Every structure is written in C-alpha cells, then in structure tokens.
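1. Pasting a predicted model and its sequence here:
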Amino acid sequence: QVQLVESGGGLVQAGGSLRLSCVSSGRAFSTYRMAWFRQAPGKEREFVAAINWNAGSTYHDISVKGRFTISRDGAKDTVYLQMNRLKPEDTAVYYCAADLETGWGISRVEEDYEYWGQGTQVTVRT
C-alpha cells in the first residue's frame, strides 16, 4: 500500500512558475515508478510526465516539454514537477500516481498506475 499526498498548487499568472510535490508513504519509494497527470474542467485526465525508479529515465508530454521537469528525491520519498512558463491552458487539477508493479521504464498509460493522490489545483490566469 502507498499513500500519495500532493502539494504546491495555487494561482499564478501566465509566465510564472510553480513546483508541485508528491510525498509517498508506505512501500519503499525507490522500487516503483511515478508519474504526473492532470485534468482540466470538462476534459479527460491526461498524461504530463513520468519517471522511473532511479530517475534514470524521464518522459514529458509534448505539451509541456521544455517547460516542465519531473524529478524525484529518494531521501525524501518525494516526486516533483517543476513548472515554468506556465500558460492558461495548464490550468487543471494535477495528480501524482505510482506504479508499484515495476520501477523499470516509463509509462504514460493511466491504467498502469495503481495509486493516486488526491490532486492539487493549478490555476494560471492571463
């Protein structure tokens, strides 16, 4: 079992930055891969970024590549999403997710992730 708690969301002007954090508790953090997804009002939840168990592999969706960076700190059992140059279309609830079945590779498939946080709201205004 794993519990995920996100924080760091808020209201920011376009062009600004936020850093989301997701603290994991329960099973050993270094054994599983993690990801961030987001869901905007009236839209399906979509993939944002993913990272494998040791941060040796990362993947960012084309919509955020070059602006967002996923990372993880094993000493703090935390995965981060650094978001720069935010745009109004980045407005969404952001969720972190954990895939305990493997730490290897990267997945952008929502169904691969068994555990989810409660989400944190990010609002970008013009």
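-> In hand now; what should we look at?

2. List the pairing partners of the host helix or strand of Tyr94 within its sheet, with orientation.
-> Tyr94 belongs to strand 92-99 when elements are defined using DSSP states H and E. Here strand 92-99 is paired, per DSSP bridges, with strand 33-39 (antiparallel), strand 115-116 (antiparallel), strand 120-125 (antiparallel).

3. separation between Gly66 and Ala49?
-> Relative to Ala49, Gly66 is positioned 12 Å away (CB to CB, to the nearest Å). Backbone N, C-alpha and C define where each C-beta goes, glycine included.

4. so what sits against both of the two?
-> Here Gly66 and Ala49 have His60 as joint contacts, going by CB atoms under 8 Å, 6 or more residues apart in numbering.

5. check which helix or strand covers the residue nearest to Ala35 when sequence neighbours are not counted.
-> Spatial nearest neighbour of Ala35, excluding adjacent residues (CB to CB, 6 or more residues apart in numbering): Ala50 at 3.9 Å. Element membership for Ala50 (DSSP H and E) is strand 46-51.

6. List the buried residues in that strand.
-> For strand 46-51, the buried set under the neighbour-count rule, 16 or more other CB atoms under 10 Å, comprises 47-51.

7. Equivalent analysis for stretch 86-96, please.
-> 86, 90-96.
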